[in-house]
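1. have a look at this prediction, sequence included:
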Amino acid sequence: MTLSLYRIGAGLGRHAALLPTTLFALIPFIWMLSLSVKPPTEIFGSPFALIPQHWDAYENYGKALHAAPLARFLFNGAVVCLIILLAQILFCAPCAYALAKLQFPGRGLLFGLVLVGLLLPHQVLALPLFILCYKLGILDSYAALILPFIVSPFGIFLFRQSFKSIPDDIVQAARLDGLSEFAIVWRVMVPMALPALIAFSIFSVVAHWNDLFWPSIVIKSRDLMPPSLGAAAFRNVEAGSDFGPLMAGAVLIVLPLLLAFILAQRWFIEGLASSSLK
């Protein structure tokens, strides 16, 4: 009886601590959603109210979809994020397998360099990457948005930690069955590390879907703008001071990420937990 009461009290205490933090994190999203359905007179009006007296959802979302090519921005973001994610998995999984399961001189040094790569902000490398894209003649193209991110130090680290949690006996058994090292990566290791793969996919897609810094440097054509840069152009050119359509566009941009996270949250948490075992 005492133990049950203790568990109930501990559970209530955890929820009491987490609830204010959760509400604090959700306030910007709730406010964005509220503004997206308000008429202009209520956005800056008083008194403060989350629920509008007059609903302008149809007008705001209609402007967001037609005043700027929002559908094109979303398509660009989906193409860029998908290609980056596939390229990162293609490069990171074999590298992580080599660092986790193969013995070779300099393995510790290479893993140290991966950790150094984790410490470097992407902005530090912006100038040499811009010069590289200029020399290759790929500025203002999908290639300029994709090329700098096809190798992810974070992806190598996450996959390496997940692969290390897989017993070596499984790898030895696969070798005895005649599988090559690359076959072991794709037919054994990656399927067994599916939660880590899903967790990394969410991190990668969210990071590049929301990236504004690099696209603003290499993209000038409106037809190639990803969602974050497209929203900035929408604010400056189309919406002006009409924040209702701007917030409606922001809701439409955030919605795919929110739905993806809700559908994959169980694997996301499991992937992060399994990658921290070793």
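-> Nice, I can see it.
2. next up, the contacts around residue 188.
-> Under the criterion of CB atoms under 8 Å, 6 or more residues apart in numbering, the neighbours of residue 188 are 170-171, 174, 179. Using the backbone N, CA and C atoms, a C-beta is placed for each residue, glycine as well.
3. in helices, which of those residues fall?
-> Members of these lying in helices (criterion: DSSP state H): 170-171, 174.
4. drop anything exposed from those.
-> For these, a burial check counting by 16 or more other CB atoms under 10 Å picks out 171, 174.
5. with distance to residue 37 and pLDDT added, can I get the ones in helices among the contacts of residue 188 in CSV?
-> Formatted as CSV, the ones in helices among the contacts of residue 188 follow (distance: CB to CB, whole Å; pLDDT from 0 to 100):
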residue, distance to residue 37, pLDDT
170, 53, 90
171, 55, 91
174, 55, 90
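6. got JSON lines for the ones in helices among the contacts of residue 188, with distance to residue 23 too?
-> Converted to JSON lines, the ones in helices among the contacts of residue 188 look like this (distance: CB to CB, whole Å):
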{"residue": "170", "distance to residue 23": "44"}
{"residue": "171", "distance to residue 23": "46"}
{"residue": "174", "distance to residue 23": "48"}
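7. show me the shaky parts of the stretch 151-278 of the chain.
-> Scanning the stretch 151-278 of the chain for pLDDT under 70 picks out 233-241, 264-278.
8. just checking, residue 160 touches residue 101?
-> No - with contacts counted by CB atoms under 8 Å, residue 160 stays clear of residue 101, the gap being 9.3 Å.
9. between the two, who's got more neighbours?
-> residue 160 (23 against 19; other CB atoms under 10 Å).
10. does that one lie in a helix or a strand, and which?
-> Using DSSP states H and E, residue 160 falls within helix 153-164.
11. list the residues that contact residue 95.
-> So residue 95 contacts 156, 159-160 (CB under 8 Å, 6+ apart).
12. equivalent analysis for residue 81, please.
-> Residues in contact with residue 81 (CB under 8 Å, 6+ apart) are 204-205, 208-209.
13. so what pLDDT did it get?
-> At residue 81, the model reports a pLDDT of 94.
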